[in-house]
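Colleague: Below are the sequence and a predicted model for it; my questions follow.
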Amino acid sequence: MTVEEIKKAILKKTTQAIERIFGQEPESLEIGFPPEIEFGDFTIPCFSLAKQFKKSPVEIAKLLAKEIERDPLFQRVEGVGPYLNFKVQNKFLFEAICTEVISQGEKFGNSDIGRGERVMVEYLSPNTNKPLHLGHVRNGVFGMAISNLLEAVGFKVIKANLINDRGVPICKSMLAWKKWANGATPETEGMKGDHFVGKWYVRYNQEAKKSPEIEKELDREVHELLRKWEAGDPETRHLWETMNQWVYQGFEETYQKLGFEFDVFYYESDTYKLGKDIVFEGLRKGVFKKDEKGAVIFELPEEFGRDKDGKPKKVTILREDGTSLYITQDLGTALLKVTEHNLDRSIYVAGSEHEYYFRCLFTILKALGYGWADKCYHLSYGMVYLPEGKMKSREGKVVDADDLIAEMEELALEEIKKREAEEEISEQEAKERAHKIGVGAIKFYLLRIRPTQDIHFDPEKSISFDGFTGPYCQYAFARTAGILRKAKTSYPKLEIQEIDFSVLGSNQEELQLARQLMKFPEEVEKAAKEFNPARIVNYVYETAQIFNQFYNKHSVLSANDPKLVKARLILVKAVSIVLKKGLNLLGIEVLERM
């Protein structure tokens, strides 16, 4: 019997009792979990029944508890206030959930609510004028977690990365390199490619700050470089390709460190021409028009408000010199995405500071007559900050992603060394563990609050092996792995059909573990529907807490009864599977040993 079959049996018996008492079927019945384990395993609130049958929910709960036919499935059925509570026989309860988890393995928690639908999740979207920073890390961690959740509930997910590889910022790096690099390369400087190019972007801004005259001249040269690029000037294009390749090599290293994966890459340099074609067609249709300077603009509808002069607000779609902007290429990319991949939904993962921009973009797409514009969705998230003085980037303004990873690995290594007395490991093994723990700590901390909230990322707090952290949950999994590893000597094969599950459930900790495991599929589904990985973060943390309470109070391998040892080992195995699956949904790797 599965958990779902137990729920169906409860609903069926409740429905039959209602028909006998009131002479008609209930309009609706919902089944959930009581707030406390001592109330039972499942509960049916009676509020909707009270409305239907014009009696108090307390009275209905008591009537139903008396009327429901006794069944070997239940240990007890009772009305507690407005709730009808069911305590299932422990044998059936533990057998159902443990069998379900272990038989399904890494697929436990999956569903098919998204079957047949294709969703593109566009995340990260870096510029090729500088390395990835802390903001990109939050974007990437969030984008990967959302992709994992949507895949778990049956959607066909295409993970996309739009590379902003052209435009004014990139031309600033190019101009600075031409003026001041003296032919230097990442190899000659011994630098990672993206850091090397970022160095020249910083240099440009430093030079521009020296005087208004210098800034004006540099700005003129940058726009001339952009014009040459769009005109296809060979020398300009060659430098652009060279510098972008340096950046891509650097990006790829960082992607691998953070476990970011992409199915498709879009490049602004490929899509801006399609964007221009869309703009010219929009001009022809009257969707866009030119302003007095010759720039192509779009007048926003009334819901966007008006300017101070009372005129409609405007968005510039194409500069007066004919060069394109981000929104130009975004029009082209949006069309490419939907047509190339036959999407049911196109999700843009981007910070909350871009909310107005995406409102404008989607409004323009609708005005152009694209029916699929309603399928586009901006998945917004808040800003991420570091406590003052915790870390300094090499540029002094933003926290570099590689610096953050290195710092977290160092902190993790310190924690590992504190525990080295317990287990002697090689330097290579220590570094590998430090990487998994450090990156896992970043991801867990960034995902533990609702996406729309701003977050202050504290490296030292995030790496703690105690409390609401990734390492705490990884450590709980390592404990389950350790128990199962030790058990292999005495119990090389544990067949689930040989387990006597009736020996479980005599204590609160085992019952709480069973309850927690049953909740997992529901939490995955809700997290996916809400685009909220924080639900899984909280679930994994609660599971780790409950398991640690069980581990500290009850022996597994040293239990007096061999039947109890085997049953608890199966329970631990189920917990191990769910902890791993939950962490993996967040993009966090587990460790067999910590």
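Modeller: Nice, thanks for sending it over. Residues are numbered from 1 along each chain as shown.
Colleague: tell me the phi and psi of the nearest residue to Lys293 once chain neighbours are set aside?
Modeller: In space, and not counting its chain neighbours, Lys293 is closest to Glu320: 4.6 Å by C-beta to C-beta, 6 or more residues apart in numbering. For every residue, glycine as well, the C-beta is placed using N, CA and C. With angles defined as degrees, to the nearest 10, Glu320 sits at phi -60, psi -30.
Colleague: these two touch, right, Glu320 and Glu292?
Modeller: No: Glu320 lies out of contact with Glu292 (C-beta atoms under 8 Å); the separation is 9.5 Å.
Colleague: out of those two, which sits in the busier spot?
Modeller: Glu320 (13 against 6; other C-beta atoms under 10 Å).
Colleague: count of neighbours near Ala96?
Modeller: Per other C-beta under 10 Å, the neighbour tally for Ala96 reads 22.
Colleague: I figured it hits Met1, correct?
Modeller: Yes: using C-beta under 8 Å, Ala96 makes contact with Met1 at a distance of 5.4 Å.
Colleague: The residue nearest to Lys293: what's it in contact with?
Modeller: Taking C-beta atoms under 8 Å, 6 or more residues apart in numbering, we find Glu320 in contact with Lys293, Gly294, Ala295.
Colleague: In the sheet, which residues pair with Met400? Tell me.
Modeller: In this structure residue 400 is Asp, not Met. His133 (DSSP bridges).
Colleague: Show the pLDDT at it.
Modeller: If you check Asp400, the pLDDT there is 92.
Colleague: I'd like the distance between it and Pro57.
Modeller: Separation of Asp400 from Pro57 (C-beta to C-beta, to the nearest Å) stands at 58 Å.
Colleague: same check, this time on Asp165
Modeller: Per C-beta to C-beta, Asp165 is found 62 Å from Pro57.
Colleague: ditto for Lys210
Modeller: Lys210 sits 75 Å away from Pro57, taking C-beta to C-beta as the criterion.
Colleague: the more surrounded of these two?
Modeller: For Lys210 and Pro57, the more surrounded residue by other C-beta under 10 Å is Pro57, and the numbers stand at 20 against 10.
Colleague: Return the residues in contact with that one.
Modeller: Contacts of Pro57 by C-beta under 8 Å, 6+ apart are Pro45, Cys46, Phe47, Leu49, Ala50, Gly81, Pro82.
Colleague: Would you list the buried entries among the residues you listed?
Modeller: Pro45, Cys46, Leu49, Ala50, Pro82 (16 or more other C-beta atoms under 10 Å).
Colleague: OK, contacts around the last one?
Modeller: Residues in contact with Pro82 (C-beta under 8 Å, 6+ apart) are Pro45, Cys46, Phe47, Ala50, Ser56, Pro57, Val58, Ile60, Ala61.
Colleague: again, but for Gly154
Modeller: Asn110, Ser111, Asp112, Ile113, Gly114, Arg115, Glu117.
Colleague: now, which of these lie within strands?
Modeller: Secondary structure defined by DSSP state E assigns none of the contacts of Gly154 to strands.
Colleague: Can you tell me which residue sits nearest the middle of the protein?
Modeller: Ala145 (2.4 Å; C-alpha atoms, centre = their mean).
Colleague: Would you agree that residue falls within a helix?
Modeller: Yes: under DSSP: H, G, I helix; E, B strand; the rest coil, Ala145 sits within a helix.
Colleague: Give the buried residues for whichever helix or strand Glu410 is part of.
Modeller: Secondary structure assignment for Glu410, by DSSP states H and E: helix 401-418. Neighbour counts using 16+ other C-beta under 10 Å place 401-405, 407-409, 411-413, 415-416 of helix 401-418 among the buried residues.
Colleague: Now do that helix: which elements does it pack against?
Modeller: helix 134-152, helix 234-258, helix 427-447, helix 459-462 (3 or more C-beta pairs under 8 Å, 6 or more residues apart in numbering; DSSP states H and E).
Colleague: so how far is that helix off the chain centroid?
Modeller: 22 Å (C-alpha atoms, centre = their mean, to the nearest Å).
Colleague: can you check stretch 440-449 too?
Modeller: 10 Å.
Colleague: returning to what we had before: got a markdown table for the contacts of Gly154, with neighbour count too?
Modeller: Formatted as a markdown table, those follow (neighbours: other C-beta atoms under 10 Å):
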| residue | neighbour count |
| --- | --- |
| Asn110 | 16 |
| Ser111 | 14 |
| Asp112 | 9 |
| Ile113 | 13 |
| Gly114 | 22 |
| Arg115 | 10 |
| Glu117 | 14 |
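Colleague: In helices only, show me these.
Modeller: The members of those all map outside helices under DSSP state H.
Colleague: How many residues are close by Lys529?
Modeller: 14.
Colleague: C-terminal to the helix or strand hosting it, what's the next element?
Modeller: Lys529 belongs to helix 508-530 when assigned by DSSP H and E. With elements assigned by DSSP H and E, the helix or strand that comes after helix 508-530 is helix 534-553.
Colleague: Just the ones of the buried ones among the contacts of Pro57 in strands?
Modeller: Per DSSP E, the subset of the buried ones among the contacts of Pro57 in strands is Pro45.
Colleague: From the buried ones among the contacts of Pro57, pick the one nearest Phe155.
Modeller: Pro45 (31.1 Å; C-beta to C-beta).
Colleague: In contact with that closest one: list those residues for me.
Modeller: Contacts of Pro45 (C-beta under 8 Å, 6+ apart): Glu30, Gly32, Pro57, Pro82, Tyr83, Leu84.
Colleague: can I get these in CSV with pLDDT?
Modeller: Output for the contacts of Pro45, formatted as CSV (pLDDT from 0 to 100):
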residue, pLDDT
Glu30, 95
Gly32, 95
Pro57, 97
Pro82, 97
Tyr83, 97
Leu84, 97
